[in-house]
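Q: After the sequence you'll find the predicted model.
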Amino acid sequence: KVSYRGLQKTPSADSLARAARLEAGHGGNPVDIEWVGDSDSTFETGEYFLFFAEPRPSKWTETDYYVLTEEESSGSRIATGSGDPSGLSVGQAYAHKMFEQNNQYISDIKARSDGDHWYWDQFSKPDDTTGIYDFSLPNVNVLGPGFLDLWLVGYTDVLQNPDHLVAVDINSTPLSPVIEWNGKQLVHVTLDIPADTFETGNNQLGISLPGIPNVDVEGMWLDVFSIDYPLGSSSVGDSIIFTGNETQHFYTIRLDNLTDFRVYDVTTPENPLILSDWDTSFNQVTVGDPTGGGKHRYILSNQSGMIT
């Protein structure tokens with residue numbers, strides 16, 4: 001949320017006076033904004049604009065920047081869409097959380113697509129073949145299924161193919177299939193997590209090398225993992241980003257309050273839609289998927305959940 005008053009603190013405030021021509025940018029691309037104010041051409045007291053910010057990951061910094069300019073013509077604005085839940089069946093909303101620790105630096109092997117050389121943990125036969133990793137999840141529907149994304153890197157390569165075999169479990173529930181690959185390479189896998197596996201609060205990821213016949217040398221690194229978990233019915237606080245289902249459903253989310261709240265479809269982060277036609281009951285918001293299918297990504301936020 002960028003207000004007229006907040007913008008006055010910046011060096012370029014005097015040159016950003018014509019509201020209709022304001023344009024936000026990120027990484028060289030325009031970002032649609034939602035204008036909240038009157039229809040005249042002046043950016044003035046009491047007016048502000050909103051945009052959805054999704055920082056780019058970087059191994060160099062934990063911050064990112066957006067550029068605000070005044071263009072010759074009207075800037076990009078957020079379009080509207082319908083979140084009408086009428087006639088739809090209830091769906092399961094999923095939240096996403098990533099877990100990473102940079103404990104060991106290996107100069108000759110790069111992890112993931114960002115080129116980072118930092119890893120969480122090392123596995124090797126015969127002594128270091130198992131690992132347990134605690135992770136915490138808030139407000140989980142413990143009866144629902146989920147998804148695990150796991151990034152591993154093999155650092156050994158022998159004649160037998162495949163020469164890497166990894167077993168994975170969540171809270172001692174084995175996930176399938178076991179992961180196998182050959183040689184020194186990065187592997188990214190997505191595994192289904194069965195229903196009734198999660199717990200609200202502390203959970204555990206287990207990783208092990210069960211061994212391959214006639215393969216005596218086997219080693220790999222754990223880079224990072226992420227969990228898509230089913231949201232429960234408790235309050236998510238002031239804001240939440242969640243993903244829906246492949247087919248059209250509705251989702252009910254509870255916030256701490258609905259003061260000046262908004263609902264956006266952020267499936268395309270730089271070109272979100274502000275949604276209308278949703279339903280509310282007390283502090284709950286019910287929003288429906290658009291027609292056409294495919295997973296959509298949403299953000300719900302009240303006034304306190306907006307970054308100013």
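A: Noted; the coordinates are in hand. In this text the structure is predicted, and so the values were computed from the model without any measurement.

Q: which stretches of the stretch 201-308 of the chain aren't confidently modelled?
A: For the stretch 201-308 of the chain, not a single residue meets the criterion pLDDT under 70.

Q: all strands for it, in order.
A: Assigned strands in the stretch 201-308 of the chain, in chain order: 201-208, 219-230, 239-243, 250-254, 262-265, 273-276, 279-281, 284-288, 297-301 (criterion: DSSP state E, counting those that start in this stretch).

Q: Adding mean neighbour count as columns, could you present those strands in CSV?
A: In this view, the C-beta of every residue, glycine as well, is placed from N, C-alpha and C. Shown next, in CSV, are these (neighbours: other Cβ atoms under 10 Å):
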stretch, mean neighbour count
strand 201-208, 16
strand 219-230, 22
strand 239-243, 19
strand 250-254, 21
strand 262-265, 22
strand 273-276, 18
strand 279-281, 13
strand 284-288, 22
strand 297-301, 21
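
Q: Now do the end-to-end distance for stretch 260-275.
A: One end of stretch 260-275 sits 14 Å from the other (Cα to Cα, to the nearest Å).

Q: Name the residues that touch it?
A: With Cβ atoms under 8 Å, 6 or more residues apart in numbering as the test, stretch 260-275 has contacts from 26, 29-32, 34, 50, 52, 54, 76, 78-83, 241, 255, 278, 285, 287, 290, 295-303.

Q: Return the members of the residues you listed classed as buried.
A: Burial by neighbour count, judged by 16 or more other Cβ atoms under 10 Å, picks out 26, 30-32, 34, 50, 52, 76, 78, 81-83, 241, 255, 278, 285, 287, 290, 296-302 from the contacts of stretch 260-275.

Q: Identify the residues contacting residue 303.
A: Counting by Cβ under 8 Å, 6+ apart, residue 303 has contacts 259, 260, 261.

Q: Give me the local confidence score for the spatially most central residue of the chain.
A: In the chain, the centroid-proximal residue (Cα atoms, centre = their mean) is residue 96; its distance is 5.0 Å. In this model, residue 96 is scored at 97, pLDDT.

Q: Look up how far residue 146 lies from it.
A: Applying Cβ to Cβ, to the nearest Å, the value for residue 96 to residue 146 is 10 Å.

Q: any residues in contact with both of these two?
A: Common contacts of residue 96 and residue 146 (Cβ under 8 Å, 6+ apart): 227, 228.

Q: Distance check, the residue of the chain most remote from its centre against residue 261.
A: Distance from the centre of the chain peaks at residue 214, with 40.7 Å (Cα atoms, centre = their mean). The span separating residue 214 from residue 261 equals 60 Å under the rule Cβ to Cβ.

Q: for residue 269, same thing?
A: Residue 269 sits 20 Å away from residue 261, taking Cβ to Cβ as the criterion.

Q: Look at those two and report which has more neighbours.
A: Remark: of residue 269 and residue 261, residue 261 carries more neighbours, 20 against 17, as counted by other Cβ atoms under 10 Å.

Q: For that one, what are phi and psi?
A: Main-chain torsions, residue 261, degrees, to the nearest 10: phi -80, psi 160.

Q: re the thing from before, compare the strands of the stretch 201-308 of the chain and report which one is nearest to residue 186.
A: Checking the strands of the stretch 201-308 of the chain against residue 186 by Cβ to Cβ gives strand 219-230 as the closest, at 7.8 Å.

Q: List the neighbouring strands of the closest one plus their orientation.
A: Here strand 219-230 has these sheet partners by DSSP bridges: strand 94-100 (antiparallel), strand 121-124 (antiparallel), strand 146-154 (antiparallel).

Q: Flag the shaky bits of the stretch 1-150 of the chain, pLDDT-wise.
A: The stretch 1-150 of the chain contains residues with pLDDT under 70 at 8-20, 59, 107, 109-115.

Q: so which of the contacts of residue 303 comes closest to residue 119?
A: Looking across those and measuring by Cβ to Cβ, the closest to residue 119 is residue 261, at 40.6 Å.

Q: I'd like to know how far the closest one sits from residue 105.
A: 44 Å.

Q: How about residue 136?
A: Per Cβ to Cβ, residue 136 is found 26 Å from residue 105.

Q: This protein: helices as residue ranges?
A: Using DSSP state H, the helices of the chain run over residues 4-7.

Q: returning to that earlier point: dump the strands of the stretch 201-308 of the chain into JSON lines; add distance to residue 176 as well.
A: Converted to JSON lines, the strands of the stretch 201-308 of the chain look like this (distance: least, Cβ to Cβ, whole Å):
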{"stretch": "strand 201-208", "distance to residue 176": "14"}
{"stretch": "strand 219-230", "distance to residue 176": "17"}
{"stretch": "strand 239-243", "distance to residue 176": "23"}
{"stretch": "strand 250-254", "distance to residue 176": "28"}
{"stretch": "strand 262-265", "distance to residue 176": "33"}
{"stretch": "strand 273-276", "distance to residue 176": "37"}
{"stretch": "strand 279-281", "distance to residue 176": "39"}
{"stretch": "strand 284-288", "distance to residue 176": "33"}
{"stretch": "strand 297-301", "distance to residue 176": "27"}
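
Q: Cool, thanks, talk later.
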